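> What follows is a predicted structure for the sequence shown.
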Amino acid sequence: MTLDQVPIVRLAMAALVCCALAGCNGTQLTAARMKDFEATQQDFDAIARAAFRIIETKGDVTTIVVPKGLDPRAADALRRVHPSVASAPGAPDTLPDGYFRVTAFSIEDGEAHLDGQLGPVTGLMTAANMPDCGKGYSVSFYIEAGDWVSHAYKTTTCAESRHWVPLDDAKSSTH
């Protein structure tokens, strides 16, 4: 390195330090904003629409069952997505085809979660010796760069399960 290059290197290092400090400061500002985050009706509406776009790729939803005690903003957002009812017709713990029972819908600190169960839910015992529970969905959203995003969702079912035993273990247990 020549003496002519020293000021350029120092300038580059100073610029790098400034950028690093600005990035750290931005992170602190974002954390502070999330601490003071207040969900709006528009947030609930956006999450409800986006969550049901995801859920409806796996099954048709005709009616949403809204639980008592749900945040009124969440209930209003769900009513704007599909017709809603306070309870599903039929026996307890069952759900007709096309009905989606919301079990949770919350937005807090820049995170949103919508969980529920899509019918049909018959309650009849399955081959796995479990009552039929339809299909459960859990969709999470996070604020990234000022927008709500969801990178994945979880589904659960009550289906037949099998226990596989290696052949060597099966032979030794019969002797």
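Ah, there it is. None of these values were measured; they are calculated from a predicted model. Numbers count the residues shown, from 1 in each chain.

> tell me the domain boundaries of this structure?
1-36, 41-157 (automatic domain parsing).

> Burial-wise, tell me which of those domains comes out on top.
Of all the domains of the chain, domain 41-157 carries the top mean neighbour count, a mean of 16, counting by mean count of other CB atoms under 10 Å. (Each C-beta comes from the backbone N, C-alpha and C, glycine too.)

> Start and end of that domain, how far apart?
Start and end residues of domain 41-157 are separated by 31 Å (CA to CA, to the nearest Å).

> Please apply the same query to stretch 100-120.
End-to-end distance of stretch 100-120 (CA to CA): 9 Å.

> Make sure residue 123 is indeed in a strand.
No - remark: residue 123 does not belong to a strand; assigned using DSSP: H, G, I helix; E, B strand; the rest coil, it is coil.

> Report the contact partners of it.
91, 93, 94, 131, 132 (CB atoms under 8 Å, 6 or more residues apart in numbering).

> rewinding a little: by mean pLDDT, show me the worst of the domains of the chain.
When the domains of the chain are compared by mean pLDDT, domain 1-36 comes last with a mean of 44.

> Is residue 78 in a helix, a strand, or coil?
helix.

> Which of the helices or strands spans the nearest residue to it once chain neighbours are set aside?
Spatial nearest neighbour of residue 78, excluding adjacent residues (CB to CB, 6 or more residues apart in numbering): residue 64 at 5.0 Å. Per DSSP states H and E, residue 64 falls inside strand 63-65.

> From the contact counts, what lies against that strand?
With contacts defined as 3 or more CB pairs under 8 Å, 6 or more residues apart in numbering; DSSP states H and E, strand 63-65 has these neighbours: helix 72-81, strand 84-85, strand 99-108.

> give me that answer again for 6 Å
With contacts defined as 3 or more CB pairs under 6 Å, 6 or more residues apart in numbering; DSSP states H and E, strand 63-65 has these neighbours: strand 84-85, strand 99-108.
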